[in-house]
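Participant: Pasted the sequence and its predicted model underneath.
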Amino acid sequence: AQSVTQLDSQVPVFEEAPVELRCNYSSSVSVYLFWYVQYPNQGLQLLLKYLSGSTLVKGINGFEAEFNKSQTSFHLRKPSVHISDTAEYFCAVTGGLGNEKLTFGTGTRLTIIP
Amino acid sequence: EPEVTQTPSHQVTQMGQEVILRCVPISNHLYFYWYRQILGQKVEFLVSFYNNEISEKSEIFDDQFSVERPDGSNFTLKIRSTKLEDSAMYFCAIGQSYEQYFGPGTRLTVT
């Protein structure tokens, strides 16, 4: 079984400042990792994913994440945030067989301060 | 990115009533999922559906829940006798190349 920990429930950041949202996972098997974004009153949108290969993955809206197997982490970063990045961000993991259920973290609410 | 629609967007029902939530993938897919998100909480897996069969279900998915793909396109989640604690946002997702794409959700309110 897999689990995901997002230690930061809320992260306030000034506009144009960098941000890192932390995600740690636990699994006894190989995993695929994802970040989803949920804007207010909307569904979940896939931001980026790690399946294999390069540990630095780039996603939409200027976000990137780095897979670190030794630290079992998959932190999300953006060098300069905008007001429009205000949303809830969920880290998720699935087993390495693919097409299995997603296990989500509790989410991090990113608030951008003008 | 595959497109998924869900109907209705909002459903209000009385406790004990049956509800059917619908998911319509725009193109053909093999893997389907239902998740729910109780207000303010994380997204939880309910059930996965592959090749017209349930492939995995969570302990939340008890006998009150059922899924089917009645006409080869729609994918439905039925709750037979709703409880207050079933109030949540229900998301359908489709699987493609190890990724899952979510619909906009149905907000279910049980009164």
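Facilitator: Looks like it arrived, so ask away.
Participant: residues from chain B in reach of chain A?
Facilitator: B:1, B:31, B:33, B:35, B:41-45, B:48, B:50, B:56, B:58, B:91, B:93, B:95, B:98-105 (C-beta under 8 Å from any C-beta of the partner chain). To be clear about C-beta, it is placed using only N, CA and C from the backbone, and glycine gets the same treatment.
Participant: so what's residue 35 closest to, chain neighbours aside?
Facilitator: Picking chain A for this. Nearest non-adjacent residue to A:Trp35, counting by C-beta to C-beta, 6 or more residues apart in numbering or on different chains: A:Leu47, 4.3 Å away.
Participant: my bad, chain B
Facilitator: Closest residue in space to B:Tyr35, ignoring its immediate chain neighbours: B:Phe91 at 4.6 Å, by C-beta to C-beta, 6+ apart.
Participant: Also A:Gln6?
Facilitator: Distances taken as C-beta to C-beta, 6+ apart put A:Gly105 closest to A:Gln6, at 3.7 Å, once the chain neighbours are dropped.
Participant: Just give the number of residues close to the one you found.
Facilitator: Neighbour count of A:Gly105, defined by other C-beta atoms under 10 Å in any protein chain shown: 25.
Participant: Helix or strand: which one has the residue nearest to B:Tyr35?
Facilitator: strand B:88-96 (DSSP states H and E).
Participant: Ramachandran coordinates for the residue nearest the centre of chain A?
Facilitator: Nearest to the mean C-alpha position of chain A, counting by C-alpha atoms, centre = their mean, stands A:Trp35 at 3.4 Å. Main-chain torsions, A:Trp35, degrees, to the nearest 10: phi -120, psi 130.
Participant: hang on, the earlier thing: buried sites along the strand or helix carrying the residue nearest to A:Trp35?
Facilitator: Assigned by DSSP H and E, A:Leu47 belongs to strand A:44-50. Within strand A:44-50, the residues scored as buried using 16 or more other C-beta atoms under 10 Å in any protein chain shown are A:Leu44, A:Gln45, A:Leu46, A:Leu47, A:Leu48, A:Lys49, A:Tyr50.
Participant: Please read off the pLDDT at the residue nearest the centre of chain B from the model.
Facilitator: Against the mean C-alpha coordinate of chain B, by C-alpha atoms, centre = their mean, the closest residue is B:Trp34 at 3.7 Å. Looking at B:Trp34, its pLDDT reads 96.
Participant: and the spatially closest residue to it that is not a sequence neighbour, how many neighbours does it have?
Facilitator: In space, and not counting its chain neighbours, B:Trp34 is closest to B:Leu46: 4.3 Å by C-beta to C-beta, 6+ apart. Neighbourhood size, B:Leu46 [other C-beta under 10 Å]: 20.
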